[in-house]
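Enquirer: sharing a sequence plus its predicted fold:
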Amino acid sequence: MREEVLPFFGSPNAAIGFGTGAGGDIMKKIDLVAEKALIEVLEGHEASCTLISEETGTKKIGTKPSEFYLTTDPVDGTTNALRGLPFMATSIAISRAPYLQDVETALVSDLFHDVTYTAQRDKGAFRNGKRIKPSTTSFLEEAVIGVDFNTLRLRELAASLEGMLIRTRHLRHLGANALEICYVADGTIDAFIDIRGKLRVTDIAAAYLILLEAGGIIVTPEGTELNALLAADQKVAFIATANKKIYENIRESMA
């Protein structure tokens, strides 16, 4: 995948549009190249699965496609890739049923830095083969927190997060949500918040399991267990944190 995608990094050709994808966005050449490479690998190994992709939607592959579901965002961080910003990833999640909570195996590969995050249910999470765990930071004043502000309802979003924004000194958004959740998992940042309700579940299906297996928390904005149908057009909203204490401080600041 990395070999196929990187030649398009920062290239004008990568931005060529090919209609609207299953997830609702304009498909870019770099996205289609990445998805094509993944499908070719699956077919080359005679794999059987139901592919759920941000670009083509649902595609049955092999002779027994109902046995496994493979949910993917071939390029998470397409805008970064088009602009030459070195923060993008491929996200792959495998499950036996088409729901987020059923994901059993996950991979998020940082395509630029050659870093791969993996997880298997009940077996922990890893960064390039080394076990990871989230940070123990609990105070907002000390934390590095990612927030996705990419919405037309910016004033409404900012108002709901005002308390947290005032108390947090170090805010970030790097432009590839799956990778940012993995950064929570390995302790690089302390929380990542996306309560817009416009992020597709395909973006986070793999990172969801990686964070949970690392020992972190990822829940709905209301604090309930996060789950969703694995479909290209399914949207989610969440709060992902390194530990329970910083989650409680974020929720308290939002009240």
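Expert: Good, I have the coordinates.
Enquirer: tell me the contacts of Glu46?
Expert: Counting by CB atoms under 8 Å, 6 or more residues apart in numbering, Glu46 makes contact with Gly62. No exception for glycine: its C-beta is placed from N, CA and C like everyone else's.
Enquirer: am I right that it sits in a helix?
Expert: No - assigned with DSSP: H, G, I helix; E, B strand; the rest coil, Glu46 falls outside any helix and is coil.
Enquirer: how near is it to Thr56?
Expert: Using CB to CB, to the nearest Å, we find Glu46 at a distance of 20 Å from Thr56.
Enquirer: ok, now Lys198?
Expert: With CB to CB as the criterion, Lys198 and Thr56 are 20 Å apart.
Enquirer: the more surrounded of the two?
Expert: More crowded of Lys198 and Thr56, by other CB atoms under 10 Å: Thr56, with 19 against 15.
Enquirer: from what I see, that one and Ala34 are in contact.
Expert: No - judged on CB atoms under 8 Å, Thr56 makes no contact with Ala34 at a distance of 11.8 Å.
Enquirer: a strand runs through Glu104, doesn't it?
Expert: Yes - judged by three-state DSSP, Glu104 forms part of a strand.
Enquirer: how close does it get to Lys198?
Expert: For Glu104, the distance to Lys198 equals 27 Å [CB to CB].
Enquirer: could you do Leu226 as well?
Expert: Remark: distance between Leu226 and Lys198 (CB to CB) = 16 Å.
Enquirer: do Leu179 as well
Expert: Leu179 is 18 Å from Lys198, by CB to CB.
Enquirer: show the pLDDT at the closest residue to His113 other than its chain neighbours.
Expert: Counting by CB to CB, 6 or more residues apart in numbering, the nearest residue to His113 once its immediate chain neighbours are dropped is Pro86, at 7.2 Å. pLDDT for Pro86: 93.
Enquirer: in terms of helices and strands, where is Ser109?
Expert: strand 103-110 (DSSP states H and E).
Enquirer: so what's the residue count around Phe112?
Expert: Using other CB under 10 Å, the number of residues around Phe112 comes to 19.
Enquirer: identify the residue spatially nearest to it, adjacent ones excluded.
Expert: Of all residues not flanking Phe112 in the chain, Pro86 sits nearest, at 4.2 Å (CB to CB, 6+ apart).
Enquirer: secondary structure class for the one you found?
Expert: Following three-state DSSP, Pro86 is assigned to coil.
Enquirer: so it touches Asp110, yeah?
Expert: No - using CB under 8 Å, Pro86 is not in contact with Asp110, being 9.1 Å away.
Enquirer: more neighbours: which of these two?
Expert: Neighbours per residue (other CB under 10 Å) separate Pro86 from Asp110, with Asp110 holding more: 24 against 14.
Enquirer: quick check: bridge partners of the more buried one?
Expert: Per DSSP bridges, the residues bridged to Asp110 are Ala89, Val115.
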